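> 3D model of this:
(one chain, ligands or ions: 1)
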Amino acid sequence: MNVAVLYQSLRGGTERAAHRIGEAFEARNATVGVYPVTQFDAQFVLKADLIVIGTWTDGLFGIAAKPAQIGKLNALPSIAHRNVAVFVTYEISPKRSLAGLADWATERGADVVATAGLRVRGPRRPDLTEATATFADAAIDALSRAAA
Ligand SMILES: Cc1cc2nc3c(=O)[nH]c(=O)nc-3n(C[C@H](O)[C@H](O)[C@H](O)COP(=O)(O)O)c2cc1C
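Numbering: from 1, shown residues only. As a prediction, this is how the structure comes out:
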């Protein structure tokens, strides 16, 4: 199974989350490529069984939060009829931005197989191990159900 992880990060938190997600899929025997949305291996993305797309939550901290820099995600190759898992990073709440990113992918014709909100900052640096494992398991389960 090939998994392409594409991320948009401002200060590095989403980049870190993307790499941790990649590690979770690698631990489940996937071949993984992790790339910023502005610089990716187009061949690898084209043949990936699953495309993971993530960005950070942008808003007025609670009000009108949305997936950040969606314009850069709009420049990605078509995700129509592809298996896509989406994630957002956040500080207060991932609810609106995650729903917004899932809607964005659905509107572009993707099959959204899993979603995750990941808190990457805090007084103690949050441990992403459990959340990324749950995310990877959910995506792999959905793909194997679809293939059955
Ligand atoms: C301009 C700006 C607005 C933000 N607004 C929100 C918000 O409304 N809700 C929230 O939960 N986090 C918000 N955040 C926090 C970021 O989503 C969070 O720190 C994210 O992990 C940053 O990812 P990065 O390190 O890849 O840039 C905001 C951050 C910035 C810079």
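> so the helix of greatest length in the chain, near the ligand or not?
Longest among the helix segments of the chain by residue count, using DSSP state H, is helix 129-147. No: under the criterion of CB under 6 Å from any ligand atom, helix 129-147 makes no contact with the ligand; the nearest approach is 12.9 Å. In this view, the C-beta of every residue, glycine as well, is placed from N, C-alpha and C.
> ok, stretch 82-90 next?
Yes: figure legend: stretch 82-90 in contact with the ligand (CB under 6 Å from any ligand atom); contacting residues 89, 90.
> please state the offset of that stretch from the chain centre?
3 Å (CA atoms, centre = their mean, to the nearest Å).
> list of residues touching it?
The contact list for stretch 82-90, computed with CB atoms under 8 Å, 6 or more residues apart in numbering, reads 13-14, 17, 21, 48-57, 65, 67, 94, 97-98, 101-102, 105, 110-120, 135, 138-139, 142-143, 146.
> give me the subset of those lying in strands.
50-57, 67, 111-119 (DSSP state E).
> just the buried positions in the longest helix of the chain, please.
Buried residues in helix 129-147, counting neighbours by 16 or more other CB atoms under 10 Å, are found at 131, 132, 133, 135, 136, 139, 140, 142, 143.
> okay, it in CSV with CA atoms only?
As requested, C-alpha coordinates have been extracted for helix 129-147 and formatted as CSV (Å, rounded to 0.1, in the frame of the first residue of the first chain):
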residue,chain,number,x,y,z
THR,A,129,1.4,8.5,18.9
GLU,A,130,-2.1,7.5,19.8
ALA,A,131,-4.0,9.9,17.6
THR,A,132,-1.9,9.1,14.5
ALA,A,133,-2.2,5.4,15.2
THR,A,134,-6.0,5.7,15.4
PHE,A,135,-6.1,7.8,12.2
ALA,A,136,-3.9,5.3,10.2
ASP,A,137,-6.0,2.4,11.5
ALA,A,138,-9.3,4.0,10.5
ALA,A,139,-8.0,4.8,7.0
ILE,A,140,-6.6,1.3,6.5
ASP,A,141,-9.8,-0.3,7.8
ALA,A,142,-11.9,1.8,5.4
LEU,A,143,-9.7,0.9,2.4
SER,A,144,-9.8,-2.8,3.2
ARG,A,145,-13.6,-2.7,3.6
ALA,A,146,-13.9,-0.9,0.3
ALA,A,147,-11.7,-3.6,-1.4
